[in-house]
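S.K.: Structural data only, the sequence is not supplied:
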C-alpha cells in the first residue's frame, strides 16, 4: 500500500464513474415509486456497504469499519495524522433520489482515480468515508454515524433510538453483524484528520440560477426536528356528533397551516412531513395524531421565532378542541460556519480554473450534512454540484453528466491541492 510521499499508480481494474453509478443504481430502489429505500442496517444498506468495500479493495486501499459502523478506505498510513478525507453517505430518505449522498461517495473514488492518472505524489494520507445513517430515515435522528464519532450523540441516547416497528438501534446493528456495545465517541480517529471535504448534489437551485456547475458551502442553517403529539379521544366516526368530538386531527391540520404561515412570514422553512395516527381506522376518530416538524432558518433567532410561533398556535388550537398537546425536540443542529481558512484555501485552488470556465460561488444551505456535524471537531468544507431543478429527497432528483464530471474534477483538484507532497 502506498504511504505518504509515495506515487499513487493508476489501477486498470478500478471501475469508472459510470460503472460505479450503474452498480449502485438498482440497490434499494423501489419498483413502484422509483425512489430509494436504503435505510440503516437493512439489506439494502448491507449491499451498499459491500459495494463500498469492493471499490476500496479494487483500488488497493486499506479498508476498515470503525466502532460506529462508518466505512473507511485509506491510501497511506491512517495513523500518520493530518489526513485529507473525502466522502459522504449511501443511505437515503424514504423514496429518495439517486444523488443525495451517493454522488459524493462515487465522486470520491472517481477523484482518486483522476489523481492517479495525473501521477500525483501525496504528502499526506488520503481517505474516503461512507458515514452510516446520515438521513435518519429509520431511527428518526440524522447523522447518527458522524454524531457518535464526534461525541454529539451519547451511547445511552443511541441505545434508546427505535424504528417504527419498535426495533432498537442496538438490535438492528447486532442483526446486521455489528457490535452495538462498541459504539461511542472516537476522538483518536478524528484526530488523524487534517481536513474533511464532502461533495454533495446541491439541494436547491442557487447554482442553476447563477449558471455555475460547482459551488463551495459557506454555512449550514440551524435546523431541528420537533415531535407534536395531539391526544384526543377515539370514537365512532359515524355516530359521534361533531360537537361531542375531541378530534386531534383538527388541531394537527390547523398546525400544519400555521407552520406554513410562520415560516413564510420569517423567510424560513417549516415542514410537517411525517405523521402517525392511532388507531388509524377509516371509520374511527383518532385518539392520537403525532406529527414531526422539520424547521430551518438562516439564523438562530429566526428559527426560534418560527418554532415558538408554531407551538403557540398549536396549543391554542389544541385548547379549543379539548386536545392535550406535548411537544418534544428530538434533534437540533446549530448554525455551522465552515472554517474560513479551509474554505478560502479551496476557493483559491478552484479559482485557478476560472480560465477554463469554472467559477466557484460560495453559498449557504438549509440542508444538514455529516460535514456540519464534524465541523466542531475537525476542519470541514463542502462542494456542491449543480441541481438543474433543485428537487431533492425525491426520485426526480437529478444532476447532469457534465456537471457530475465537473464535480469530480473540482474534487480531484481540491484533494491534490490539500494533500500533494
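M.R.: The structure has been received and is ready for your questions. Computed from a predicted structure; not experimentally measured.
S.K.: Show me where the stretch 301-421 of the chain has its strands.
M.R.: Assigned by DSSP state E, counting those that start in this stretch, the strands in the stretch 301-421 of the chain fall at 324-333, 336-337, 362-365, 380-385.
S.K.: ditto for the stretch 101-250 of the chain
M.R.: With DSSP E, counting those that start in this stretch, the ranges of strands along the stretch 101-250 of the chain come out as 126-130, 193-201, 214-220, 223-231, 235-236.
S.K.: Which neighbouring elements make contact with the second one?
M.R.: Using 3 or more C-beta pairs under 8 Å, 6 or more residues apart in numbering; DSSP states H and E as the contact criterion, the secondary-structure elements in contact with strand 193-201 are strand 83-88, helix 102-117, helix 370-374, strand 380-385, helix 401-419. C-beta coordinates here come from the backbone N, C-alpha and C atoms, glycine included.
S.K.: Among the ones you listed, single out whichever gets nearest to residue 51.
M.R.: With C-beta to C-beta as the measure, helix 102-117 is the member of these nearest residue 51 (9.1 Å).
S.K.: mean confidence for the closest one?
M.R.: Computed over helix 102-117, the mean pLDDT rounds to 98.
S.K.: That one: how far from the chain's middle?
M.R.: Relative to its chain's centre, helix 102-117 lies at 19 Å (C-alpha atoms, centre = their mean, to the nearest Å).
S.K.: What are the contacting residues of it?
M.R.: Counting by C-beta atoms under 8 Å, 6 or more residues apart in numbering, helix 102-117 makes contact with 8-11, 14, 16-17, 20-21, 24, 52, 55, 59, 75, 86-90, 126, 128, 130, 198-201, 385, 399, 404, 407-409, 411-412, 415-416, all of which sit outside it.
S.K.: buried residues in that helix?
M.R.: Within helix 102-117, the residues that qualify as buried are 102-116, counting by 16 or more other C-beta atoms under 10 Å.
S.K.: circling back: ranking the strands of the stretch 101-250 of the chain by burial, who's on top?
M.R.: Mean neighbour counts were taken over the strands of the stretch 101-250 of the chain using mean count of other C-beta atoms under 10 Å, and the top value, a mean of 27, falls to strand 126-130.
S.K.: Mind listing the strands it pairs with, and their directions?
M.R.: Taking DSSP bridges as the criterion, strand 126-130 pairs within the sheet with strand 71-75 (antiparallel), strand 83-88 (parallel).
S.K.: ok and it relative to strand 193-201, angle-wise?
M.R.: Strand 126-130 and strand 193-201 meet at an angle of 50 degrees, taking axes from the mean of the first three to the mean of the last three C-alpha atoms, to 10 degrees as the criterion.
S.K.: Helices of this protein, residue ranges please.
M.R.: Defined through DSSP state H, the helices belonging to the chain, from first to last, are 17-24, 43-58, 102-117, 144-150, 155-159, 169-175, 187-191, 206-210, 248-266, 300-320, 340-351, 370-374, 401-419.
S.K.: okay, and for the stretch 51-200 of the chain, where does confidence drop off?
M.R.: Counting by pLDDT under 70, the stretch 51-200 of the chain contains no low-confidence residues.
S.K.: residues touching the residue nearest to residue 83 when sequence neighbours are not counted, list them.
M.R.: Spatially, and ignoring its direct neighbours in sequence, residue 83 is nearest to residue 125 (4.1 Å; C-beta to C-beta, 6 or more residues apart in numbering). Contacts for residue 125 (C-beta under 8 Å, 6+ apart) come out as 4, 74-78, 80-84, 192, 419.
S.K.: what do you get for residue 225?
M.R.: Residue 225 makes contact with 140, 142, 292-294, 329-332 under the criterion C-beta under 8 Å, 6+ apart.
S.K.: And for residue 176?
M.R.: Counted by C-beta under 8 Å, 6+ apart, residue 176 has contacts 41-42, 45-46.
S.K.: Next, it: phi, psi?
M.R.: The phi/psi pair for residue 176 (degrees, to the nearest 10) reads phi -90, psi 0.
S.K.: average pLDDT across stretch 278-296?
M.R.: Along stretch 278-296, the predicted confidence averages to a pLDDT of 97.
S.K.: among the contacts of residue 176, which ones are buried?
M.R.: For those, a burial check counting by 16+ other C-beta under 10 Å picks out 41-42, 45.
S.K.: what would these look like in TSV with distance to residue 337?
M.R.: Formatted as TSV, these follow (distance: C-beta to C-beta, whole Å):
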residue	distance to residue 337
41	33
42	35
45	32
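S.K.: Closest one to residue 167 out of those residues, please.
M.R.: Checking these against residue 167 with C-beta to C-beta, the nearest one is residue 41 at 8.9 Å.
S.K.: Could you say which of the strands of the stretch 301-421 of the chain is packed most deeply?
M.R.: Burial of these is given as mean neighbour count (mean count of other C-beta under 10 Å); strand 380-385 ranks first at a mean of 26.
S.K.: What does the pLDDT read for residue 364?
M.R.: Confidence for residue 364, expressed as pLDDT, is 87.
S.K.: what residues are up against it?
M.R.: For residue 364, the contacting residues are 217-221, 298, taking C-beta under 8 Å, 6+ apart as the criterion.
S.K.: and what of residue 92?
M.R.: For residue 92, the contacting residues are 28, 35-39, 100-101, 135, 137, taking C-beta under 8 Å, 6+ apart as the criterion.
S.K.: Same check on residue 336?
M.R.: With contacts taken as C-beta under 8 Å, 6+ apart, residue 336 has the following neighbours: 219-220, 372, 375.
S.K.: can you redo those as TSV with distance to residue 279 and pLDDT?
M.R.: As requested, the contacts of residue 336 are arranged in TSV below (distance: C-beta to C-beta, whole Å; pLDDT from 0 to 100):
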residue	distance to residue 279	pLDDT
219	44	90
220	39	91
372	39	94
375	44	95
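S.K.: would a markdown table of the residues you listed with distance to residue 234 be doable?
M.R.: Output for the contacts of residue 336, formatted as a markdown table (distance: C-beta to C-beta, whole Å):
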| residue | distance to residue 234 |
| --- | --- |
| 219 | 46 |
| 220 | 41 |
| 372 | 41 |
| 375 | 46 |
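S.K.: The strands of the stretch 101-250 of the chain: which one's closest to residue 259?
M.R.: strand 223-231 (9.6 Å).
S.K.: Need the phi and psi values for the spatially closest residue to residue 42 that is not a sequence neighbour.
M.R.: Leaving out its chain neighbours, the residue that sits closest to residue 42 by C-beta to C-beta, 6+ apart is residue 138, at 7.4 Å. As for residue 138, its main-chain torsions (degrees, to the nearest 10) stand at phi -90, psi -40.
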